[in-house]
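Q: pasting a predicted model and its sequence here:
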Amino acid sequence: MKNLFYIFLALIIILLSGCDNVNVIDSNLIYKEYVVVRAELKANQEFEGVTFTKTLPTDLEYDITKAELKDVTAFLKINGVQFVPLLYTSKGIYKPLYKVIIVPGYTYELIANYNNSSIYSITKIPEQPLVISTSMVDNRFIYAVVKRRPGEAYGSIWEIYNPITSTVNDRPADFITIVSASQDTLSNALTQTPDIPSNYNTGFYKNYLYVKVYAFDSVYAEYFNTRNNNQPVSNTFAQGGDRIAWNVWGQNVIGLFIGMYEGSEV
């Protein structure tokens, strides 16, 4: 999950990996070129940049040198006042002109132009998720109760974690659910980890079994709940099928520009 694309991309990834390998199931789909934007803005970490690529015809093997966009004009706008130019580096990645640390509670906007067309997105960085309690259910998975905040969404995973060495030995590749703060009227949100392998629930490993909760800009829940609509193409960033709830706007533009806070192991 510390890698941008464990979440997104198993997700985008995780963004989140989707674009790096295109697995075509139906090659008869009508091709349409889309600009693909992806970025994770991780609280208290250095901003790693925004990736701009384009979709390729389904009968072509994916090649980043053919998919990357080198001539995007892009800026990062911080809290409505500070503009930071984003400059092309390699493989479609545009990084800030100087070091930018992502601040919880701040709002970040992406303002870009490609081929005389505007691209825009906005996200707010969540605060640190406050875990109220955790509980094991049927020796299978763990519930984590999180204090809700407006505009946030939450997901949790299990980890086999050594707190002495700060080493993660195993964890699931993705979330099972993302819970939006707007999904119920309770003051707390109930998150569920993926199922835990049975060998981790007993003996030695059980002493190192932890839960980690992530907070996201609430629009991430909309993406998570619609990301599999894009069938019969399995690549998250390919187009085909029902609408996916992207949060990047522009003509023939898809993608995610998402703020997140990676909580501590509990």
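A: Here it is on my side, so go on. Small disclaimer: the values here were computed from a predicted structure and weren't measured. Numbers count the residues shown, from 1 in each chain.

Q: okay, CA-based contacts and neighbour counts for the rest of this
A: Fine.

Q: wait, what's in contact with Ser135?
A: With contact taken as CA atoms under 8 Å, 6 or more residues apart in numbering, Ser135 is in contact with Ile142, Tyr143, Ala144.

Q: now with 6 Å, please.
A: Residues counted as contacts of Ser135 (CA atoms under 6 Å, 6 or more residues apart in numbering) are Ile142, Tyr143.

Q: how about Ala189?
A: Val145, Val146, Arg148.

Q: which of those residues sits closest to Trp249?
A: Arg148 (27.6 Å; CA to CA).

Q: as JSON lines, the contacts of Ala189 with neighbour count would be great.
A: What follows is the contacts of Ala189, written out as JSON lines (neighbours: other CA atoms under 10 Å):
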{"residue": "Val145", "neighbour count": "20"}
{"residue": "Val146", "neighbour count": "24"}
{"residue": "Arg148", "neighbour count": "23"}
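
Q: and those, which is closest to Tyr214?
A: Val146 (9.9 Å).

Q: quick check: closest non-adjacent residue to that closest one.
A: Val131 (4.5 Å; CA to CA, 6 or more residues apart in numbering).

Q: please report the distance of that neighbour from Met260.
A: From Val131 over to Met260 the distance is 16 Å, taken as CA to CA, to the nearest Å.

Q: okay, those two: which has more neighbours?
A: Neighbour tally, Val131 and Met260, criterion other CA atoms under 10 Å: the higher count belongs to Met260, 27 against 20.

Q: how about whichever strand or helix holds the more buried one as PDB, C-alpha atoms only?
A: Using DSSP states H and E, the element containing Met260 is strand 253-265. Extracted in PDB, the C-alpha atoms of strand 253-265 (Å, rounded to 0.1, in the frame of the first residue of the first chain):
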ATOM      1  CA  VAL A 253     -10.000  12.400 -20.500                       C
ATOM      2  CA  ILE A 254     -10.200   9.700 -17.800                       C
ATOM      3  CA  GLY A 255      -8.200   9.200 -14.600                       C
ATOM      4  CA  LEU A 256      -7.800   9.800 -10.900                       C
ATOM      5  CA  PHE A 257      -6.200  12.600  -9.000                       C
ATOM      6  CA  ILE A 258      -6.800  11.500  -5.400                       C
ATOM      7  CA  GLY A 259      -5.800  12.700  -1.900                       C
ATOM      8  CA  MET A 260      -5.100  10.000   0.700                       C
ATOM      9  CA  TYR A 261      -3.800   9.500   4.200                       C
ATOM     10  CA  GLU A 262      -2.100   6.200   5.100                       C
ATOM     11  CA  GLY A 263      -2.800   5.400   8.700                       C
ATOM     12  CA  SER A 264      -0.600   3.600  11.200                       C
ATOM     13  CA  GLU A 265      -0.800  -0.100  12.100                       C
END
